[in-house]
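Participant: structure of the sequence below:
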Amino acid sequence: MEKKVIRIGSVGVGAIWTGVHEPGIRRSPDLELVAICDIDAEKLRAVGEKYGIDEAHRFTDYRDLIRCPDVDAVDICTSNDAHFEIAMAAVEAGKPYDVEKPVTMTAAEADILAKATAEKGLPNMVCFSYRFKAAARCARELIEQGKIGRVYHVDMQYFQAWGLPRCNTPRVWRFVKSRTGSGAMGDLGCHALDLVRFVVGGDYTRVVGHTGTYVTERKRLDGTGMGPVDVDDFCNYMADMEGGVSASFQITRFGYGRGNYQRMEIYGSEGAIVYTLDAEPGREDELEVCAGDVYADAHTFVKLPIPEHCRSDQMQSFADIINGSADGKAATIADGRSNQRVLDAILRSAQEGRWLAVPKGE
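Facilitator: The predicted model follows:
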C-alpha cells in the first residue's frame, strides 16, 4: 500500500485531545490535523485559533466534520456516551477511525460497531494508550520468550487521586452514569484489563467484582448546587484467564498521593516481572525482573534497561494501521469489544455479588 499523509478530523477537543491526541498527530510525519469539532463553540474557536484551523474546518456537529471531503480519518475524543454514534457515522461514511476507551457504553453497542467495521473492512484503532509504554511492551516480549516460564498470577493496581474530597473536583461528566457508563471501572479499570491481557496474553473467562462510591454528590458545573454521583469511585475485581492465569485488580480515583500510578506484578514458574508507571515529571515507566535460582534465592529484582525497539507512539500507530505498516500491537475494535464484555460482566457481578462467566463472541 502506498504511504500517504492522512488528513485527520478530531471530534472532541478537551483534555485527552490536547494532552495526548493533538501532540501525537503533530509528531507524526504521516498525519495532518485539518478539522476539529466540539459542542462548545467558544472552546472550538480558541482551539481553532491556537492550532491554525480555519473557520471552514471548525464544526459543532460531528456529522459535518465526517462529511467534509478534506477529512480522511476521524479521531474520536468525546465523552463515552458519544463514542458509538460518532464511530458508526464514520463507518457509514467509509472513513477509518480511532476512538477513546471504553469503546462504547455497552457490549451490545461494541458488537454492532465491530460488525459494521468488519463489513466495511475499515482500518481502526481503540486508544488503549498504555500498550505504547515501552516497559509494557518489553514485559510482553519477555513472557512471549518464556523468560518467566508459565504465568501463574497477575496483580494489577491503577490509582489516581483526583476524586478525593481535597481536590474539590466538581460533577464533571465522568461522575454521571448516563454520560460515562461507569466510574473508575470504565475510566481506569478498562485500561488495566487491556494492559494485563496485552502483556500476559489470553482472554478473561470469568470475573467477580466489588465497587463503591465514597462521595455521593458533587457541585454541579452550572452552579445550581449539588448533584448526585451515580458511578463507582473504586472497583476491586478478580479474574480467571485462559491458560490458568489468576488475576487481581485494584482500581481507584481516591489514591492519595497518586497522580497516574500503575503497578503490575506478574509471577511465573521460573521468574517474576514488575512493571511500574508513575506518570510524574522526569519519571518513566520501569521494569524489574527476578529470574533464575540465584536471584530467586536472594529475593532480588533487577531493573532492566528498556530496548529502543520497544518504544512506540499511539497516533503514529494509527497512521501505520491506515497505511498498512502497523506492528499489530495497537488495540482494534475487536479488542475494544472484548474489553467491553469483561467490563460489563464485572459491573454486573458487583451488583449480583457472585462470579460470572465472560460472554464469548465472534
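Participant: tell me what the top helix by length along the chain is packed against?
Facilitator: Longest helix in the chain by number of residues (criterion: DSSP state H): helix 333-352. If contacts are counted by 3 or more Cβ pairs under 8 Å, 6 or more residues apart in numbering; DSSP states H and E, helix 333-352 sits against helix 107-120, strand 124-126, helix 190-200, strand 204-212, strand 234-241, strand 356-357. Every residue, glycine included, has its C-beta placed from N, CA and C.
Participant: for the protein, what helix or strand is lowest in average pLDDT?
Facilitator: Within the chain, no helix or strand scores below helix 293-297, which has a mean of 89 by mean pLDDT, DSSP states H and E.
Participant: which residues are in contact with that one?
Facilitator: For helix 293-297, the external contacting residues (Cβ atoms under 8 Å, 6 or more residues apart in numbering) are Gly271, Cys290, Phe301, Val302.
Participant: could you give the separation of it from the chain centroid?
Facilitator: For helix 293-297, the separation from the chain centroid amounts to 36 Å (computed by Cα atoms, centre = their mean, to the nearest Å).
Participant: which helix or strand lies directly C-terminal to that helix?
Facilitator: Next helix or strand after helix 293-297 toward the C-terminus (DSSP states H and E): strand 302-303.
Participant: contact partners of the following helix or strand past that following strand?
Facilitator: Where DSSP H and E defines the elements, the next helix or strand beyond strand 302-303 is helix 314-323. Counting by Cβ under 8 Å, 6+ apart, helix 314-323 makes contact with 1, 3-4, 6, 20-21, 24-25, 27-28, 30-31, 72-73, 75, 96, 98, 123-125, 127, 129, 132, 326-327, 329-330, 332, all of which sit outside it.
Participant: I'd like the distance between the residue lying closest to Glu144 once chain neighbours are set aside and Asn80.
Facilitator: Spatial nearest neighbour of Glu144, chain neighbours left out: Gly201 (7.6 Å); criterion: Cβ to Cβ, 6 or more residues apart in numbering. Counting by Cβ to Cβ, to the nearest Å, the separation of Gly201 from Asn80 is 27 Å.
Participant: neighbour count for the two, which is higher?
Facilitator: Asn80 (23 against 15; other Cβ atoms under 10 Å).
Participant: for that one, give me phi and psi.
Facilitator: Per-residue torsions, Asn80: phi -60, psi -30 (degrees, to the nearest 10).
Participant: surely it touches Gly181?
Facilitator: Yes: contact status for Asn80 versus Gly181: in contact at 5.3 Å, counting by Cβ atoms under 8 Å.
Participant: what touches both of the two?
Facilitator: In contact with both Asn80 and Gly181: Pro102, Met105, using Cβ under 8 Å, 6+ apart.
Participant: quick revisit: thought the residue nearest to Glu144 was touching Ile143?
Facilitator: Yes: counting by Cβ under 8 Å, Ile143 is a contact partner of Gly201 at 7.0 Å.
Participant: ok, back up a step: for the contacts of helix 293-297, give me TSV that also has pLDDT, neighbour count and distance to Cys190.
Facilitator: Listed next are these as TSV, based on pLDDT from 0 to 100; neighbours: other Cβ atoms under 10 Å; distance: Cβ to Cβ, whole Å:
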residue	pLDDT	neighbour count	distance to Cys190
Gly271	97	21	28
Cys290	97	19	29
Phe301	97	16	28
Val302	96	10	31
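Participant: which one of the residues you listed is nearest Gly212?
Facilitator: Nearest to Gly212 among those, counting by Cβ to Cβ, is Phe301 at 32.6 Å.
Participant: how many neighbours does the residue lying closest to that closest one once chain neighbours are set aside have?
Facilitator: Among residues not flanking Phe301 along the chain, Glu288 sits closest, at 4.1 Å (Cβ to Cβ, 6+ apart). Residues lying near Glu288 (other Cβ under 10 Å) number 16.
Participant: Glu288 touches Ile273, doesn't it?
Facilitator: Yes: judged on Cβ under 8 Å, Glu288 makes contact with Ile273 at a distance of 7.3 Å.
Participant: who touches both of those two?
Facilitator: Contact criterion Cβ under 8 Å, 6+ apart; residues shared by Glu288 and Ile273: none found.
Participant: what about the protein, any weak spots by pLDDT?
Facilitator: Along the chain, segments meeting pLDDT under 70 span 1-2, 362.
Participant: tell me the domain ranges of it?
Facilitator: 6-122, 134-312+341-357 (automatic domain parsing).
Participant: turn those into CSV, columns for distance to Phe318.
Facilitator: Below are the domains of the chain laid out as CSV (distance: least, Cβ to Cβ, whole Å):
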stretch, distance to Phe318
domain 6-122, 5
domain 134-312+341-357, 11
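Participant: about what we covered before: point out the most buried one among the helices and strands packed on helix 333-352.
Facilitator: strand 124-126 (a mean of 28; mean count of other Cβ atoms under 10 Å).
Participant: for it, packing partners?
Facilitator: Packed next to strand 124-126, using 3+ Cβ pairs under 8 Å, 6+ apart, are strand 97-99, helix 314-323, helix 333-352.
Participant: okay, now the sheet partners of the shortest one, with direction.
Facilitator: Paired neighbours of strand 97-99 in the sheet (DSSP bridges): strand 73-76 (parallel), strand 124-126 (parallel).
Participant: how about a markdown table for these, with distance to Leu193 added?
Facilitator: A markdown table is the format used below for those (distance: least, Cβ to Cβ, whole Å):
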| stretch | distance to Leu193 |
| --- | --- |
| strand 73-76 | 20 |
| strand 124-126 | 12 |
